[in-house]
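# I would like to see how this sequence folds:
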Amino acid sequence: MNYSRKIYGPISKLSPSSFVPFTTYKVKGAKIIWRNDNLIKEYGLGSECDIDSWLLEEFAFSSLEHFSSNLASDKSTFFAERYGGQLIAGNGGGGRAGLKGLFQCKGIGPTPLVNQGGAPQYTIGIASLEEMINEALWGEVCNILLPFGAVRCLAVIDLDYLSDNMEKCAIAVRENEFRLAHFELSPYFLLNNTSELVSETTRVRASIESFPMCFQSVFGYYTDFESSMKIILERYAKQLSYAKFFRICHGSLTSSNIGMSGKYLDFGTISSLGAYENIVTSRGNIGFLNEQDNILESIVNFIDNHNWYSSDIDVSSDHFCSFFSESLNIHLRNNFLIALGLIKEDSDFDEEKANEIFKIIYRYLTIGGNKELKGVPYHNMGNCFFNLESLAKCMRNDPKKNGIESQLFHLVCDFIDTNPDFDMNNFHRKCDLISSNVFNLDFLHYDVVREKINSKLSHIDSHLHITNYINEVLSDTRKLRDIL
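So this is what the prediction gives:
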């Protein structure tokens, strides 16, 4: 049966073996706690006379036994998506998300893809209301800050159900998204004897064969494998460079948490940081300064799977890893130099001198912060010796002493003096902006966001308080784009 016929958009181009149908039951006490009116309009759904009723009718379902019913009218078929990659806890893909149409419901309950012998937190299939509001908020924040945006939520649905630890449960209705993980094995996912699912080997081989069609469905064309991979990796590099500049640590940037388009998704471990420090926000993962290593591992895994299961091409992962790393360095350099007013977008400049300045800038900002640490620091706290504000100051004022600050000052002076088209007004404007405390990101700190969400949920009219809070956060986020 072609299960993908009930899934729309680019992701429907995957092989039918990538989707697993499962039964869910109507959640009759559910209510909308937050609604993304802008996204609803973008999808042309605003014509629904009662959008809340439509959202509940379509997506207020759960596979939990608590909601089970024998009535056909209370049942709906959703589809779990199979994928592999790093850190998916032995699951065979989405263990708590069900696809329907253009969207998927995260927190829908356990799917057929959960690892039955896995830890409870990865097999129960539910999500807390706090977690799903955080998911919705960060989807909008990253959609503003990052060049290729994020997977956004259409709505958050309160299921009027408490988990065993007495947390309110919810569903986030979010966009579907292609990921390189769809083309990777989940090596520790074991099919039981009664399963009708095809093996991981069969599933991945079929997915690899569909890669050209999948790429075309996302980008509108397909030429060849190498060109297509470079388009994806160039997007990854640019996306990550913006996140690094804005000190947004995803925490688990694996192949299942970044889309082929470059969009970020799954925001359970994301946080702003108070400094350019190697902070770990996710257990078992790597620190902020090395988040690119997860993408490099994803490239190797994807290419290995492609080479093993594709019959027409054999490519080197080293080639693509080098391409990604070089692209990331270029975008990082440009982001910092543009933000500091040293260059303008698409302007001509001395590449060698720009590289030398960026090398010193990056070293300056990370001195004292290279050791992996847990615990997210607040603004200009932590172990780093310097910050962006002190950087803007030392670039314009000779520190009158030897050391990295003096070295940076003289490099900047030389860069300005040898560039006849240098815009001094832009330089001072950008440095003034950096010095104005606009880069205080504490409003996006992990603990601050969670505390604010819980505070808003304590009100009787919590949906209004949540909506107002998210709007306030997004207003503050838009101000950051003035920097870059």
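# What residues are bridge-paired with the residue most central in space within the chain?
By CA atoms, centre = their mean, the chain has its centre lying nearest to residue 264, at 2.2 Å. For residue 264, the beta-bridge partners under DSSP bridges are residue 150, residue 258.
# So it sits against residue 144, correct?
No - using CB atoms under 8 Å, residue 264 makes no contact with residue 144, being 11.8 Å away. All C-beta spots, glycine's among them, are computed from the backbone N, C-alpha and C.
# coming back round to it: ok, the residue nearest to the centre of the chain to residue 414 distance?
Distance of residue 264 to residue 414, computed by CB to CB, to the nearest Å: 38 Å.
# was I right about residue 328 contacting residue 291?
No - applying CB under 8 Å as the test, residue 328 and residue 291 come out as separate, 10.2 Å apart.
# Could you name every residue contacting both of the two?
Common neighbours of residue 328 and residue 291 are listed as residue 240 (criterion: CB atoms under 8 Å, 6 or more residues apart in numbering).
# List the buried residues of stretch 391-399.
Buried positions in stretch 391-399, judged by neighbour count with 16 or more other CB atoms under 10 Å: 391, 392, 393, 394, 395.
# Out of those, which is nearest to residue 364?
residue 391 (6.2 Å; CB to CB).
# Show me the contact partners of the helix or strand harbouring residue 452.
For residue 452, the host element (DSSP states H and E) is helix 446-457. Contact partners of helix 446-457, identified using CB under 8 Å, 6+ apart, comprise 129-130, 133-134, 137, 168, 270-271, 281, 376, 442-443, 462, 465-466, 468-469, 473.
# Quick check: ChimeraX command selecting the buried ones in those.
Here is the ChimeraX selection string for the buried members of these, based on 16+ other CB under 10 Å:
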select :129,130,133,134,137,168,270,271,281,376,462,465,466,469,473
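# Narrow the contacts of helix 446-457 to those in strands?
168, 271 (DSSP state E).
# Residues touching stretch 208-215, excluding its own?
By CB under 8 Å, 6+ apart, stretch 208-215 touches 10, 13-15, 178, 182-183, 222, 225, 228, 260, 305-306, 309-310.
# between the residues you listed, which is closest to residue 115?
residue 182 (18.3 Å).
# ok, the closest one touching residue 14?
Yes - assessed by CB under 8 Å, residue 182 is found in contact with residue 14 at 6.0 Å.
# what sits in contact with each of those two?
Shared contacts of residue 182 and residue 14, counting by CB under 8 Å, 6+ apart, come down to 81, 207, 214.
# Before we go further, the last one is sitting in a helix, right?
Yes - if the criterion is DSSP: H, G, I helix; E, B strand; the rest coil, then residue 214 is within a helix.
# separation between it and residue 360?
The gap separating residue 214 from residue 360 is 42 Å, by CB to CB.
# neighbour-wise, which of the two wins?
residue 214 (23 against 16; other CB atoms under 10 Å).
# Now do the same contact list for the residue nearest to the centre of the chain.
So residue 264 contacts 142, 146, 149, 150, 151, 239, 243, 250, 257, 258, 270 (CB under 8 Å, 6+ apart).
# shouldn't the second one be in contact with residue 243?
This means residue 146. Yes - between residue 146 and residue 243 there is a contact at 6.2 Å, judged by CB under 8 Å.
# pretty sure residue 198 is touching residue 15, no?
No - using CB under 8 Å, residue 198 is not in contact with residue 15; the gap is 9.2 Å.
# which neighbours do the two share?
Common neighbours of residue 198 and residue 15 (CB under 8 Å, 6+ apart) are residue 206.
# Settle it for me: which of those two has more neighbours?
Neighbours per residue (other CB under 10 Å) separate residue 198 from residue 15, with residue 15 holding more: 23 against 17.
# Spell out the secondary structure type for the closest residue to that one other than its chain neighbours.
Among residues not flanking residue 15 along the chain, residue 206 sits closest, at 3.6 Å (CB to CB, 6 or more residues apart in numbering). The three-state assignment at residue 206 reads helix, by three-state DSSP.
# Near residue 206, how many other residues are there?
Look at residue 206: counted by other CB under 10 Å, it has 17 neighbours.
# What of residue 230?
With other CB under 10 Å as criterion, residue 230 counts 15.
# Also residue 26?
Neighbour number of residue 26 under other CB under 10 Å is 17.
# repeat for the one 4 residues further on
Neighbours of residue 30 under the rule other CB under 10 Å: 22.
# show me what contacts it?
56, 60, 157, 158, 159, 160, 171.
# hmm, 7 Å instead?
56, 60, 157, 158, 159, 160 (CB atoms under 7 Å, 6 or more residues apart in numbering).
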